[in-house]
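Asks: can you look at this prediction? I've put the sequence above it.
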Amino acid sequence: MLTLFVAILLSGHLYVCAFVVCLQVLLFRELVTVRYHAFFDRIEETIPLFRTTQWMWFFTSIFYAYSEFVVEVLIKSNTKLHSFIDYAQLAPALSFTLYTGTFVLTIATFQPGHIRFQLNQLCWTIVVLCLTVGQLKYIMHNVYNGLIWFTLPILLVITNDVMAYFCGITCGRKLVRRPFMLVSPNKTWEGFIGGGIFTVIIGWYLSRFLAQFAWMTCPTNQFVLFPQKLECEAENIFHEATTYFPSQVFELLPRALVHSFPNVVEICSVDGDATNLTGCTSGATNQRHHHYELALNIVPVQLHAISLSLFASLVAPFGGFLASAIKRAYGIKDFDSIIPGHGGLMDRFDCQMIMALFTWVHYNTFIKITTVSVAKMLYMYKLLPEKDREEFLKRILGDA
């Protein structure tokens, strides 16, 4: 599994995206099959085109999600693809056409006496689409923003899963006997907490390791079949920098304990002047304690890794609890048997989907707040009518 994952990463961004789409297809198949098998006789005898409409909803959702990605990330941001502007403008209309066609066909298949059952099935299809397409809508953005935003979250979830398992089997129910989640009785508080601690620690060092490689950190907007060496000026979050640990934290701890920490410096004010600060000298009568200072040489992405690690530990596992609840509700052990010894893909990727969505939210909130680029401005310029283009150039040249 690990070898396959590394091979896909090294094959290039296009193949990573193709891998994700294949995963979505198989995940959707596994989830909708749960209710299909549970009500097979009723569906086959009374509901025409049931599977057809389900897959039409899936295809429509995929087209809408990824046509927007292709337009925003690949076409708008790549001047070489600006020749496809006319086609790109048709994407929303095509999405709406697919939606209306699927909507009409779904309603047309309603059968008197079975409408409530069909509505329940339609609701289940929509829930599955939210899980498999909605939560993964922006995963392609993560891939093209830099493979580290695709790789790191996946590895953090795997780390949390593995460490929670080992902490559970070694310390489970020795400190807290109460089950952690009733829908997943094998999960323990010790596993949940221990897995979280180890995930934060490993995420701290793993993010620093991945930040060394341009293949991981460089964003791209190229749509190529054969991988090419990536070269870019790495963003500041991938360069080592000196940061200071919040001094307020030390004030909450006993001084004797703080003095035992390595590299912590006590800063004093001289003659009571808070603007005149220096390192405290033992025995100096004119110095008074002001604060403690701890300088850390870190790669800033490590701080973002802490946020991702906490989410992977505290929130992402509930995707697994949802999967356990579904299996318990329908009396199945695994979603499929596609992975020998592990079950189906949903059994392995149940926590990854919401993690991918959080990564995109975190990236756009705290890392890359602006999405404007020269290529996108040129794209918008080409959409302007001639008169507006002239006015735009006049204003630009006038400001210059």
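Replies: Now that the structure is in, tell me what you want to look at.

Asks: just the helices in the stretch 201-350 of the chain please.
Replies: When assigned using DSSP state H, counting those that start in this stretch, the helices of the stretch 201-350 of the chain occupy the ranges 214-217, 247-251, 255-259, 301-314, 317-330, 345-349.

Asks: so for I367, which of these sits nearest?
Replies: When those are compared by Cβ to Cβ, helix 301-314 sits nearest I367, at 6.7 Å. In this view, the C-beta of every residue, glycine as well, is placed from N, C-alpha and C.

Asks: contacts for the closest one next, please.
Replies: 148, 152-153, 156-157, 159-160, 192, 195-196, 199-200, 202-204, 206-208, 211, 237-238, 243, 351, 355, 358-359, 362, 366-367 (Cβ atoms under 8 Å, 6 or more residues apart in numbering).

Asks: what mean pLDDT does that helix get?
Replies: Average pLDDT, helix 301-314: 96.

Asks: just how off-centre is that helix within its chain?
Replies: 11 Å (Cα atoms, centre = their mean, to the nearest Å).

Asks: re the thing from before, with mean neighbour count and distance to Y66 added, can I get the helices of the stretch 201-350 of the chain in JSON lines?
Replies: Listed next are these as JSON lines, based on neighbours: other Cβ atoms under 10 Å; distance: least, Cβ to Cβ, whole Å:
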{"stretch": "helix 214-217", "mean neighbour count": "18", "distance to Y66": "23"}
{"stretch": "helix 247-251", "mean neighbour count": "13", "distance to Y66": "44"}
{"stretch": "helix 255-259", "mean neighbour count": "11", "distance to Y66": "52"}
{"stretch": "helix 301-314", "mean neighbour count": "21", "distance to Y66": "24"}
{"stretch": "helix 317-330", "mean neighbour count": "18", "distance to Y66": "22"}
{"stretch": "helix 345-349", "mean neighbour count": "22", "distance to Y66": "18"}
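
Asks: so which of those is nearest E44?
Replies: helix 317-330 (17.8 Å).

Asks: what's the closest one packed up against?
Replies: helix 13-38, helix 148-171, helix 352-362 (3 or more Cβ pairs under 8 Å, 6 or more residues apart in numbering; DSSP states H and E).

Asks: quick one: contacts for Y381?
Replies: R389, F392.

Asks: mind telling me what element it is part of?
Replies: helix 374-383 (DSSP states H and E).

Asks: return the distance of that helix from the chain's centre.
Replies: The answer for helix 374-383 is 28 Å, by Cα atoms, centre = their mean.

Asks: for stretch 299-315, same thing?
Replies: Counting by Cα atoms, centre = their mean, stretch 299-315 comes out at 11 Å from the chain centroid.

Asks: also stretch 238-255?
Replies: That offset, for stretch 238-255, works out to 28 Å (Cα atoms, centre = their mean).

Asks: dump that stretch to PDB, restricted to CA.
Replies: Only the C-alpha atoms of stretch 238-255 are listed here, as PDB (Å, rounded to 0.1, in the frame of the first residue of the first chain):
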ATOM      1  CA  PHE A 238       9.000  26.300   4.100                       C
ATOM      2  CA  HIS A 239      12.100  28.200   5.200                       C
ATOM      3  CA  GLU A 240      13.600  27.900   8.600                       C
ATOM      4  CA  ALA A 241      12.900  30.900  10.800                       C
ATOM      5  CA  THR A 242      13.300  32.000  14.400                       C
ATOM      6  CA  THR A 243      10.100  32.200  16.400                       C
ATOM      7  CA  TYR A 244       9.400  32.900  20.000                       C
ATOM      8  CA  PHE A 245       7.300  30.700  22.300                       C
ATOM      9  CA  PRO A 246       4.500  32.700  23.900                       C
ATOM     10  CA  SER A 247       5.900  34.000  27.200                       C
ATOM     11  CA  GLN A 248       2.500  34.100  28.800                       C
ATOM     12  CA  VAL A 249       2.600  30.300  29.000                       C
ATOM     13  CA  PHE A 250       5.600  30.400  31.200                       C
ATOM     14  CA  GLU A 251       4.000  32.800  33.700                       C
ATOM     15  CA  LEU A 252       1.400  30.100  34.400                       C
ATOM     16  CA  LEU A 253       4.000  27.700  35.600                       C
ATOM     17  CA  PRO A 254       6.200  27.600  38.700                       C
ATOM     18  CA  ARG A 255       9.500  29.400  38.200                       C
END
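
Asks: what does it rub up against?
Replies: 211, 217, 258, 264, 291-301, 303.

Asks: same question, stretch 160-171
Replies: 186-188, 190-196, 198-199, 202, 309, 312-313, 316-317, 320, 351.

Asks: are any of the residues you listed buried, and which?
Replies: 187-188, 190-196, 198-199, 202, 309, 312-313, 316-317, 320, 351 (16 or more other Cβ atoms under 10 Å).

Asks: and T102, which of the three is it?
Replies: Secondary structure, DSSP: H, G, I helix; E, B strand; the rest coil: T102 is helix.

Asks: who are the contact partners of the residue nearest to A234 when sequence neighbours are not counted?
Replies: Take A234 and drop its neighbours on the chain: the residue closest to it by Cβ to Cβ, 6 or more residues apart in numbering is T217, 5.2 Å away. For T217, the contact set (Cβ under 8 Å, 6+ apart) comprises G146, I148, L210, A211, C232, A234, E235, F238.

Asks: with G191 instead?
Replies: Contacts of G191 (Cβ under 8 Å, 6+ apart): A164, Y165, C167, G168, I169, C171, G172, F180.

Asks: so where is the stretch 1-150 of the chain shaky, pLDDT-wise?
Replies: 1 (pLDDT under 70).

Asks: how about a cut-off of 90?
Replies: 1-6, 35-50, 68-90, 113-114 (pLDDT under 90).

Asks: quick one, phi psi at the residue lying closest to V133 once chain neighbours are set aside?
Replies: Spatially, and ignoring its direct neighbours in sequence, V133 is nearest to S61 (4.3 Å; Cβ to Cβ, 6+ apart). With angles defined as degrees, to the nearest 10, S61 sits at phi -60, psi -40.

Asks: next, count neighbours for S61.
Replies: 25 (other Cβ atoms under 10 Å).
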